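Engineer: Quick one, fold the following:
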Amino acid sequence: KTVKTFTLPGDRNIFSYVMENHQKNGSANGRMLYYLSENFRYPKDFESLLYTSQLLQAEAIRYGVEHWRRNRGRCMGAIYWQLNDCWPVASWSSIDYYGRWKALHYFAARFFAPVLLSACEDGCKVSLHVCNESTDAFRGDIIWRLRDAASGISKEGSAAVEIGPLSSQQVCVLDFESELGDMETRRKTYLEYTLRSGGADVSGGTLLFVRNKHFDFADPRITADVEDDGDRFIIRLRSSAFARYVGLDLTD
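Structural biologist: Numbering: from 1, shown residues only. Alright, predicted model coming up:
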């Protein structure tokens, strides 16, 4: 929506004259495509390219912040550049000129949550960490599931968590060497992890054992149901398989 405010249809290519005038880092567009190619398949169109570039940014900042939070004591905080824009432009911001959230800002609400569950992978081994930036002790449970591309569960487990205030803790290390012995299996397997407390989900995420571009995603066949609930609408999405990045947008 923001790009449409300063372009005509013929300008909607990141290397067009107008788009390059809204990009003040001369090498940034090429750099974005380079890092995009390292992680994602080539987007099918201009709109998909904008969306995927936001995912790339969000994942990069998430990866760093989760790492720094796991190393509390050696690193006592993280802040990312930048929050917003002073004009409609391609930039590091997480909120654009019109106040619209980019993917990063949705991710930030999760990776900057006071209590965070994060996963650190090393080959077929995954360590699960809980970071507690609140001033109260935290108790809960980690539930993890190893799933295939259709979300079928091949292995699952849980671990109790007790962590003091203002601290970070490695809770468990999972070894999936026997389950992920070959590349074809890794391309069809992901880890889902959730932190629960008091019957509610507090934090969580998913982890692939290959890069996004190499994962064998199944068609999730996402459907949406809309319910009129008086002064609000409730939108429910359903999928038949793992869908990692889903954005809900109202065109108008």
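Engineer: what ranges do the helices span in the stretch 101-250 of the chain?
Structural biologist: 103-111, 183-186 (DSSP state H, counting those that start in this stretch).
Engineer: wait, doesn't residue 216 sit right on residue 189?
Structural biologist: No: taking contacts as CB atoms under 8 Å, residue 216 lies outside contact range of residue 189: 9.4 Å. For every residue, glycine as well, the C-beta is placed using N, CA and C.
Engineer: okay, these two: which has more neighbours?
Structural biologist: Each of residue 216 and residue 189 has its neighbours counted (other CB atoms under 10 Å); residue 189 has more, 21 against 12.
Engineer: which ones are touching that one?
Structural biologist: Contact partners of residue 189, counting by CB atoms under 8 Å, 6 or more residues apart in numbering, are 146, 147, 148, 149, 154, 179, 180, 209.
Engineer: Mind pulling the model confidence for residue 150?
Structural biologist: Looking at residue 150, its pLDDT stands at 92.
Engineer: Apart from its neighbours in sequence, what residue is nearest it?
Structural biologist: Spatial nearest neighbour of residue 150, chain neighbours left out: residue 241 (4.8 Å); criterion: CB to CB, 6 or more residues apart in numbering.
Engineer: Check residue 80 too.
Structural biologist: residue 61 (5.2 Å).
Engineer: Tell me how many other residues surround that neighbour.
Structural biologist: Using other CB under 10 Å: residue 61 sits among 20 other residues.
Engineer: Name the residues that touch the helix or strand containing it?
Structural biologist: In the assignment (DSSP states H and E), residue 61 maps to helix 46-70. For helix 46-70, contacts defined as CB under 8 Å, 6+ apart pick out 3, 12-14, 32, 35-36, 39-40, 43, 75, 77-78, 80, 92, 102-104, 106-108, 110-112, 116, 118, 120, 129, 131, 133, 168, 170, 245, 247.
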